[in-house]
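> Using only what follows, build the 3D model:
(one chain, ligands or ions: 1)
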Amino acid sequence: MTKLAGVRWGSATAAYQIEGAVTDGGRVATIWDEFTARPGTTTRGDTGAQACGAYDDPEAMLDAIEWLGLETYRFSIAWSRIITGPDGRSNPEGIAYYRRILQVLRDRGVTPTATLYHWDLPQWLQERGGWTDLATTDAFVHFANVAARELGDLVNDWITVNEPFCAAFHGHLSGLHAPGIQDEPTALRAALVQLHTHGEAVRALRAVNPDFRIGLALNLSDLAPATEHPEDLEALRRADLVENRLFLHTVLQGRLPEDTAAYFGVDVLSGAVEGIDVSRIAEPLDFIGINYYEHNVIRAAEAGTDVIVRGIEKLPVPEPRSANGVAVRPDGFTRVLLRVAALAPELPIWVTENGIGLWDYLGPDGMCNDVERVAFIDGYLDALADAIASGARIESYYFWALMDNFEWAHGYQLRYGLFYTDYPTGRIMPKASADRYRVRIAEERPDLVEIDRRDGAAA
Ligand code: FCB
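Predicted coordinates:
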């Protein structure tokens with residue numbers, strides 16, 4: 001038995017980041033189509049119009065999944081491909097696309113996990129108020145019902161919403177993500193409406209099939225104070241409220257953290273919870289998905305520089321860092337997992353995302369030798385083993401991402417894939433990290449990856 005025995009090995013993607021074909025197959029526009037059309041919202045004006053071309057040609061991606069030996073693949077279903085507008089009509093072409101992928105996965109013995117909301121709100125819903133309006137909850141529950149009924153024979157594991165923190169606070173406060181709003185009360189409302197929607201969707205999915213396994217994916221950060229001074233400790237508490245507890249505690253406990261009203265203001269909070277029964281957010285789950293990227297050192301700063309949390313500054317982190325300045329801190333990963341385990345000891349944890357953004361490139365030999373990502377995989381899998389050894393119930397690990405894709409405001413420059421995407425041709429090829437992940441999977445599960453296929457195997 002290795003230290004990682006029992007973990008299911010996976011990798012993840014999301015619809016808008018890989019599919020392209022944004023006006024094909026009956027798909028309707030989303031907030032990301034609208035946002036990326038605005039000048040200055042993404043690096044070099046990149047949009048998801050092309051992405052990895054996975055709508056037109058998913059074969060290479062499916063082959064990559066098989067080559068790696070993955071047991072499970074996390075993908076997202078584009079709401080905009082399934083429901084065509086306010087009348088709720090479903091789109092057979094969109095459904096057929098996901099059925100085709102799910103059938104191939106089944107034929108190849110790969111268990112899918114479907115995310116229902118990975119940030120691609122249909123634009124017609126945004127125009128009616130988006131995540132500030134409880135009518136969006138009703139529309140989402142309808143979408144979840146259609147997806148579950150049409151695809152539920154091929155997918156049993158569901159994630160309601162992905163990173164509601166980012167969709168709320170980057171979408172509605174920093175404005176770095178779609179829909180690009182910059183208003184704190186709106187951001188808090190968007191956070192609570194998404195959490196409310198999650199609770200409603202869990203109940204709706206269970207009503208379709210009580211055997212479904214259902215969770216959500218929260219991004220949690222590991223935060224440390226710059227000093228032990230009371231102001232820094234208080235700054236840390238504010239950052240932890242907004243980035244972690246508002247989501248984690250509310251989902252697990254069905255009540256808002258005590259300091260929520262003091263931070264946002266009583267009036268803002270009462271506006272944000274209007275029409276929402278917070279206790280119903282904590283619907284029992286089959287797993288909790290954790291996306292782990294960030295470790296930050298927090299200092300109090302009167303004229304704070306953070307784009308989301310008031311009165312704080314995040315200090316620059318030392319090497320090693322990702323290309324976009326994110327700390328490589330596997331110990332932070334262990335801490336976050338143990339924090340969740342302490343809060344909900346019985347609830348299985350799925351690491352639904354973990355990865356590193358780099359400025360990857362092909363060398364003269366035509367290969368991408370991403371040594372930092374190779375080291376990252378080894379370091380973070382050791383950190384995962386440490387969390388397990390200390391009692392965390394880790395059931396699955398999904399590396400973000402299967403292949404380079406449209407990285408939101410960073411466009412195509414920042415790459416996260418195990419496979420290198422050559423955007424002009426749409427070809428994907430394994431990086432050194434893909435080899436490494438495959439070898440690690442083979443070590444854990446020799447039944448999944450044949451050792452003798454490792455060398456020189458074509459993807
Ligand atoms: C997460 C997102 C995912 C991807 C990674 C790098 O915040 O869920 O879509 O962009 O970051």
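> near the ligand, which residues of this structure?
A14, Q17, N162, E163, C166, N219, N291, E353, W400, E407, W408, Y416 (CB under 6 Å from any ligand atom). Placement of C-beta: from N, CA and C, glycine included.
> residues contacting the third one?
Read that as N162. Counting by CB atoms under 8 Å, 6 or more residues apart in numbering, N162 touches A14, S76, T115, Y117, H118, W119, L216, A217, N291, T352.
> switch to 7 Å and redo it
N162 is in contact with T115, Y117, H118, W119, A217, counting by CB atoms under 7 Å, 6 or more residues apart in numbering.
> Confirm Y292 sits in a strand?
Yes - the assignment for Y292 (DSSP: H, G, I helix; E, B strand; the rest coil) places it in a strand.
> So it sits against V336, correct?
Yes - taking contacts as CB atoms under 7 Å, Y292 lies within contact range of V336: 5.5 Å.
> between these two, what contacts are shared?
With contacts taken as CB under 7 Å, 6+ apart, Y292 and V336 have L220 as neighbours in common.
> what about the stretch 301-450 of the chain, any weak spots by pLDDT?
When residues are selected by pLDDT under 70, none of them lie in the stretch 301-450 of the chain.
> Other residues contacting the top helix by length along the chain?
Across the chain, the helix with the greatest residue count (assigned by DSSP state H) is helix 184-208. If you take CB under 7 Å, 6+ apart as the criterion, helix 184-208 is touched by 116, 131-132, 134, 136-137, 140-141, 144-145, 148-149, 152, 158, 160-161, 164, 167-169, 171-173, 212, 214, 216, 246, 250-251, 264, 268, 271-273, 276, 280-281, 283, 285.
> Flag every buried residue along that helix.
Judged by neighbour count (16 or more other CB atoms under 10 Å), helix 184-208 contains these buried residues: 184-202, 204-206, 208.
> repeat for stretch 424-433
By 16+ other CB under 10 Å, the buried positions in stretch 424-433 come out as G426, I428, M429, P430, K431, A432, S433.
> and after the longest helix of the chain, which helix or strand comes next?
Note on helix 184-208: by DSSP states H and E, the next helix or strand toward the C-terminus is strand 213-225.
> mind saving the C-alpha coords of the helix or strand just after that following strand as PDB?
With elements assigned by DSSP H and E, the helix or strand that comes after strand 213-225 is helix 230-240. The C-alpha coordinates for helix 230-240 follow below in PDB (Å, rounded to 0.1, in the frame of the first residue of the first chain):
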ATOM      1  CA  PRO A 230      -3.300  42.500  16.100                       C
ATOM      2  CA  GLU A 231      -3.800  44.600  12.900                       C
ATOM      3  CA  ASP A 232      -2.300  41.900  10.800                       C
ATOM      4  CA  LEU A 233      -4.200  39.200  12.500                       C
ATOM      5  CA  GLU A 234      -7.400  41.200  12.000                       C
ATOM      6  CA  ALA A 235      -6.500  41.700   8.300                       C
ATOM      7  CA  LEU A 236      -6.000  37.900   8.000                       C
ATOM      8  CA  ARG A 237      -9.400  37.300   9.600                       C
ATOM      9  CA  ARG A 238     -11.100  39.600   7.000                       C
ATOM     10  CA  ALA A 239      -9.300  37.900   4.100                       C
ATOM     11  CA  ASP A 240     -10.200  34.500   5.500                       C
END
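> what's helix 230-240 packed up against?
Applying 3 or more CB pairs under 7 Å, 6 or more residues apart in numbering; DSSP states H and E, one finds that helix 230-240 contacts strand 213-225, strand 288-300, strand 312-314.
> that older thread, of the contacts of helix 184-208, grab the buried ones for ChimeraX.
Restricted to buried positions by 16+ other CB under 10 Å, the ChimeraX selection for the contacts of helix 184-208 reads:
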select :116,131,132,134,136,137,140,141,144,145,148,152,158,160,161,164,167,168,169,171,172,173,212,214,216,246,250,251,264,268,271,272,273,276,281,283,285
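> Could I get the full set of helices for the stretch 1-150 of the chain?
For the stretch 1-150 of the chain, the helices defined by DSSP state H, counting those that start in this stretch occupy 15-18, 31-36, 59-68, 79-82, 92-107, 123-126, 134-151.
> Give me whichever of these is most buried.
With neighbours defined as mean count of other CB atoms under 10 Å, the helices of the stretch 1-150 of the chain peak in mean count at helix 79-82, which reaches a mean of 27.
> Would you mind writing the CA trace of that one as PDB?
Taking C-alpha atoms only, helix 79-82 is exported to PDB below (Å, rounded to 0.1, in the frame of the first residue of the first chain):
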ATOM      1  CA  TRP A  79     -25.600  25.700 -19.800                       C
ATOM      2  CA  SER A  80     -25.700  27.700 -23.100                       C
ATOM      3  CA  ARG A  81     -25.600  24.500 -25.200                       C
ATOM      4  CA  ILE A  82     -28.400  22.800 -23.200                       C
END
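> quick one: average confidence on that helix?
Averaged across helix 79-82, the pLDDT comes to 99.
> What is the neighbour count of F287?
For F287, the tally of surrounding residues (other CB atoms under 10 Å) stands at 21.
> so it sits right up against R213, yeah?
Yes - with the criterion set as CB under 7 Å, F287 and R213 qualify as a contacting pair; they are 6.4 Å apart.
> Look up how far the ligand lies from V336.
Relative to the ligand, V336 is positioned 14 Å away (criterion: CB to the nearest ligand atom, to the nearest Å).
> Separate out the buried members of the residues of the chain next to the ligand.
Counted by 16+ other CB under 10 Å, the residues of the chain next to the ligand give A14, Q17, N162, E163, C166, N219, N291, E353, W400, E407, W408, Y416 as buried.
> List the ones among those residues that fall in strands.
With strands taken from DSSP state E, the overlap with those comprises N162, N219, N291, E353, W400.
> is it possible to export those to CSV including distance to D107?
Putting these into CSV (distance: CB to CB, whole Å) gives the following:
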residue, distance to D107
N162, 27
N219, 33
N291, 29
E353, 26
W400, 25
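> OK, contacts around R255?
Under the criterion of CB under 7 Å, 6+ apart, the neighbours of R255 are V278, S279.
> Check whether it sits in a helix, strand or coil.
The three-state label given to R255 by three-state DSSP is coil.
> could you measure the spatially closest residue to E150 that is not a sequence neighbour against the ligand, distance?
Of all residues beyond its chain neighbours, the one nearest E150 is I95 (4.8 Å), with distances taken as CB to CB, 6 or more residues apart in numbering. From I95 over to the ligand the distance is 23 Å, taken as CB to the nearest ligand atom.
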